[in-house]
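Enquirer: structure here, sequence nowhere to be found:
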């Protein structure tokens, strides 16, 4: 294989077996025992884990009354038991450790780790009366202590040393409290050994807390769903479809790599697996049309890593955001959708610009890029119209036949599935192409699309239950996975029947069940790292809640950033990037969001900028995923370099340059939350219109940003032209920045006139109150901005509804502690209302009538027109 690759000019230094080993060693464990009983044991445990997860996901089905239903405090320990045991059986201790046998030490660690986790399930009733009531026994403490150590070792094996080191440091900090390395600001008395182990292992808020609960309830099903889809052949189908649609364009393999990785990202939570799966085909073809090894690898890295910001899975972070922020899963998808899509559109444009700069040929007969875009939007509109008709049809069916709606829907779904498989059977099954073949014959969309339409059905079911039925992610994933289980077993025999080859029916039925078992095993093995990561990340979450680091870190970051929000965002971005260099996306998001998300919100409030919590969480998440790109650790860049034969460090830097749009987006939606549709009501036509407008403008702005950073628009850009394009893009993204300079957003009113103004403003008006007073922890004077909505008929009623307790004293308005349970009480929790110096209302800001921010689009368009005129004189080839 490697000789053929060299002969083909690909320059690869790794065989397909080496690349597969790279994926398995990072995602599912590199160990492959030669002993058949041991191999069967690992496979059996993985299969049992998948079946267990399917079992606990089905309490809404009829047979639930015959099987015990477990609560979350029982399912989480079993989930971790499987992850811990498999981590030691599947992952060698070191690169030099044996891979074809399991040493005795690993057997012992698997048994000890499994027992310590399973004990929490076995003794759940006892723990409720002892440890969780603050009275752990000595045996329980030792079980917890050993469990923590073994968990950190499992984390090191499955994920590398970073999370283990971070987790150990947080444990030391929680235990010691003070020390020469601990800043005075976050010092505390330290927890006793018993209290530490109780909080971290025996209680429900540490290792067995929210992160592991999300992994148990949601993430496993989505990973299993993706694994089954891939095993059924959907991954190859998506890649072929992308190449059929885009491969004929200038620089087509790179564009197909971006779109193929986006579609694969829907079913894969691993950027490394995405790189190797799509890259082994796309990278050699990219090099063939003129991309260098580093550029080809970088395009694949940038598109594969971006798969983790693509709903619905988002590297499992979407489900964690639901729990951490307290909003619905649908809301998370709504906020994450536009940034993810425009980021991918911009990457397609970036590779198009690279193709123009190098005058790259198309593979085969060239086709029109604008025509392809038009076809895409027509297809998208037709699909949207079809989905809308389906919604109305289902509503009519439920209204006419409420008791028969479900059986009829299932029968129709199965009928459509059989029809689509019959259509697919008319064409040969898609084979995996050899990119090094001297003759590449790109398929057409007409040849490809019909071969895998039945793969769309489970995705449609998932979207239906999430978006239309508004079911929980767990239940939606269960229904979609159940359909996928049926498809993977039946598609092979059905194709044989429709092709009239019934003689092989028995073999195909057997092959279908083999695919099912392989998919279940692969899904579980892909979950080992995530299960261990979420458990180990629970250590950080518990430390943040039990020590002052969570509340005082804002002060530390404020000192380092001198109170400047932009500088603080840069510091948090760098912190997320550095921490993420050794952590998987899920663990990185848990750690950084636990420490930093509230800091972004609070420091933004001090600058008078109201930052939505979802924007802060998306900010740290975006920077966390960039760690897979960035040298010196960027694992996805190393995987791409292994495929392309390029330099991994150079590949990483080039990929980071291509990913500048992903770096810029978090800053933009912090300053303009409309980009994540914050405050946009998609339940109204006006809201939908606003969302479409935001999407179109943001896409246009991101394309200009890509052109500016690539130094090419209609022709090679001069420095001042790139600067002008950046200015235009910035204006389209955040026009409110310019408007704030010309017309202040708010009119300042003295505190003594607060009640008078409050009585006069229309109901629903959003006022900003500048609160000043002594900090509860430091005693120094602190400031924050509180948003208050004028709800009620009179000023007194509006104040009462806000939860504020005001005490006017002449020109000063003092504040008493807000009413418990109100938003004001939560926002002002850091103020000391019983100190000698009072907490007071420092300033009242009332919205003022202003010009629409979009007025600044006019000078931006004029500047863009000037750039176009200047570049048209030098343009030598079509822009598309």
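Expert: That came through fine. No experiment lies behind these values; they were computed from the predicted model shown. Numbering: from 1, shown residues only.

Enquirer: tell me the pLDDT at the closest residue to residue 713 other than its chain neighbours?
Expert: The spatial neighbour of residue 713 that comes closest, neighbours along the chain excluded (Cβ to Cβ, 6 or more residues apart in numbering), is residue 707 at 4.3 Å. (C-beta placed from N, C-alpha, C; glycine too.) Among the per-residue scores, residue 707 shows a pLDDT of 91.

Enquirer: where does residue 707 fall, secondary structure wise?
Expert: In this assignment (DSSP states H and E), residue 707 forms part of helix 685-710.

Enquirer: list the buried ones in that helix?
Expert: 690-691, 694-695, 697-710 (16 or more other Cβ atoms under 10 Å).

Enquirer: then stretch 130-138?
Expert: For stretch 130-138, the neighbour count (16+ other Cβ under 10 Å) marks 130, 131, 132, 136 as buried.

Enquirer: could these go into a markdown table alongside secondary structure, pLDDT and distance to residue 587?
Expert: As requested, the buried residues of stretch 130-138 are exported to a markdown table (DSSP: H, G, I helix; E, B strand; the rest coil; pLDDT from 0 to 100; distance: Cβ to Cβ, whole Å):
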| residue | secondary structure | pLDDT | distance to residue 587 |
| --- | --- | --- | --- |
| 130 | coil | 86 | 30 |
| 131 | helix | 82 | 26 |
| 132 | helix | 81 | 25 |
| 136 | coil | 87 | 27 |
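
Enquirer: if we can go back for a sec, just the residues contacting the following helix or strand past the helix holding residue 707, thanks.
Expert: Elements were assigned by DSSP H and E; along the chain past helix 685-710, the next helix or strand is helix 719-733. Here helix 719-733 makes contact (Cβ atoms under 8 Å, 6 or more residues apart in numbering) with 668, 672, 675, 697-698, 700-702, 704-705, 707-709, 711, 713, 717, 737-738, 856-857, 859-861, 863-864, 866-867, 870-871.

Enquirer: ok, now stretch 90-100?
Expert: Contacts for stretch 90-100 (Cβ under 8 Å, 6+ apart): 28-34, 42, 103, 105-106, 154, 157-158, 525, 528.

Enquirer: counting neighbours, which of these comes out on top?
Expert: residue 154 (30 neighbours; other Cβ atoms under 10 Å).

Enquirer: roughly how far is the one helix or strand it maps to from the heart of the chain?
Expert: Using DSSP H and E, residue 154 sits within helix 138-159. Distance of helix 138-159 from its chain centroid, counting by Cα atoms, centre = their mean, to the nearest Å, is 28 Å.

Enquirer: for it, give the mean pLDDT please.
Expert: 92.

Enquirer: which other helices and strands contact whichever helix or strand comes after it?
Expert: As assigned by DSSP H and E, the chain's next helix or strand after helix 138-159 is helix 161-176. Judged by 3 or more Cβ pairs under 8 Å, 6 or more residues apart in numbering; DSSP states H and E, the packing partners of helix 161-176 are helix 138-159, helix 193-197, helix 505-546, helix 585-592.

Enquirer: which of these comes out lowest on mean pLDDT?
Expert: helix 585-592 (a mean of 76).

Enquirer: quick one: that one to chain centroid distance?
Expert: The mean C-alpha position of helix 585-592 is separated from the chain mean by 10 Å, Cα atoms, centre = their mean.

Enquirer: and the angle from the helix or strand following it to helix 505-546?
Expert: Using DSSP H and E, the helix or strand that follows helix 585-592 in sequence is helix 598-606. Counting by axes from the mean of the first three to the mean of the last three Cα atoms, to 10 degrees, helix 598-606 points 50 degrees away from the direction of helix 505-546.

Enquirer: what angle sits between the helix or strand just after helix 598-606 and helix 598-606?
Expert: Later in the chain than helix 598-606, the nearest helix or strand by DSSP H and E is helix 613-625. Between the axes of helix 613-625 and helix 598-606, defined by the same axes, to 10 degrees, the angle is 130 degrees.

Enquirer: what sits against the residue lying closest to residue 420 once chain neighbours are set aside?
Expert: Nearest residue to residue 420, sequence neighbours excluded (Cβ to Cβ, 6+ apart): residue 454, at 4.1 Å. By Cβ under 8 Å, 6+ apart, the contact list for residue 454 reads 417, 420, 421, 424, 487, 491.

Enquirer: okay, now the domains of this structure?
Expert: For the chain, automatic domain parsing gives the domain ranges 24-246+418-433+441-497+520-546, 746-849.

Enquirer: those domains: lowest mean pLDDT?
Expert: Note on the domains of the chain: domain 746-849 shows the lowest mean pLDDT, a mean of 83.

Enquirer: so how far is that domain from its chain's centroid?
Expert: Using Cα atoms, centre = their mean, the offset of domain 746-849 from its chain centre is 36 Å.

Enquirer: so which elements touch the host helix or strand of residue 456?
Expert: According to DSSP H and E, residue 456 maps onto helix 456-463. In terms of contacts (3+ Cβ pairs under 8 Å, 6+ apart), helix 456-463 is packed against helix 220-232, helix 405-425, helix 473-498.

Enquirer: now these in a markdown table, with mean neighbour count and distance to residue 253?
Expert: As requested, the helices and strands packed on helix 456-463 are exported to a markdown table (neighbours: other Cβ atoms under 10 Å; distance: least, Cβ to Cβ, whole Å):
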| stretch | mean neighbour count | distance to residue 253 |
| --- | --- | --- |
| helix 220-232 | 26 | 21 |
| helix 405-425 | 15 | 25 |
| helix 473-498 | 21 | 29 |
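
Enquirer: dump these into JSON lines; add distance to residue 85 as well.
Expert: JSON lines is the format used below for the helices and strands packed on helix 456-463 (distance: least, Cβ to Cβ, whole Å):
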{"stretch": "helix 220-232", "distance to residue 85": "15"}
{"stretch": "helix 405-425", "distance to residue 85": "37"}
{"stretch": "helix 473-498", "distance to residue 85": "23"}
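
Enquirer: closest to residue 800 out of those helices?
Expert: With distances scored as Cβ to Cβ, the stretch of the helices and strands packed on helix 456-463 nearest to residue 800 is helix 473-498 (37.8 Å).

Enquirer: what angle do that closest one and helix 505-546 make?
Expert: Per the same axes, to 10 degrees, the angle that helix 473-498 makes with helix 505-546 is 170 degrees.

Enquirer: now helix 473-498 against helix 456-463, angle please.
Expert: Using the same axes, to 10 degrees: helix 473-498 against helix 456-463 is 160 degrees.

Enquirer: what angle separates helix 473-498 from helix 405-425?
Expert: Going by the same axes, to 10 degrees, helix 473-498 makes 50 degrees with helix 405-425.

Enquirer: please renumber so the chain begins at 534
Expert: Noted, 534 is the first residue going forward, which turns the last one into helix 1006-1031.

Enquirer: what is helix 1006-1031 packed up against?
Expert: Under the contact criterion of 3+ Cβ pairs under 8 Å, 6+ apart, helix 1006-1031 touches helix 753-765, helix 850-858, helix 938-958, helix 989-996, helix 1038-1079.

Enquirer: ok, which of these comes nearest residue 1408?
Expert: With Cβ to Cβ as the criterion, residue 1408 lies closest to helix 989-996 of the helices and strands packed on helix 1006-1031, at 40.5 Å.

Enquirer: in the closest one, what counts as buried?
Expert: Per 16+ other Cβ under 10 Å, helix 989-996 contains these buried residues: 990, 991, 992, 993, 994, 995, 996.

Enquirer: for residue 1028, state which of the buried residues of stretch 663-671 is nearest.
Expert: Of all the buried residues of stretch 663-671, residue 1028 sits closest to residue 665, with 54.3 Å by Cβ to Cβ.

Enquirer: ok, that closest one - contacts?
Expert: With Cβ under 8 Å, 6+ apart, residue 665 has these contacts: 735, 736, 737.

Enquirer: can you check residue 1408 too?
Expert: 1247, 1248.

Enquirer: what's the answer for residue 579, then?
Expert: 619, 1053, 1054, 1057, 1058.

Enquirer: likewise for residue 1183?
Expert: Contacts of residue 1183 by Cβ under 8 Å, 6+ apart are residue 827.
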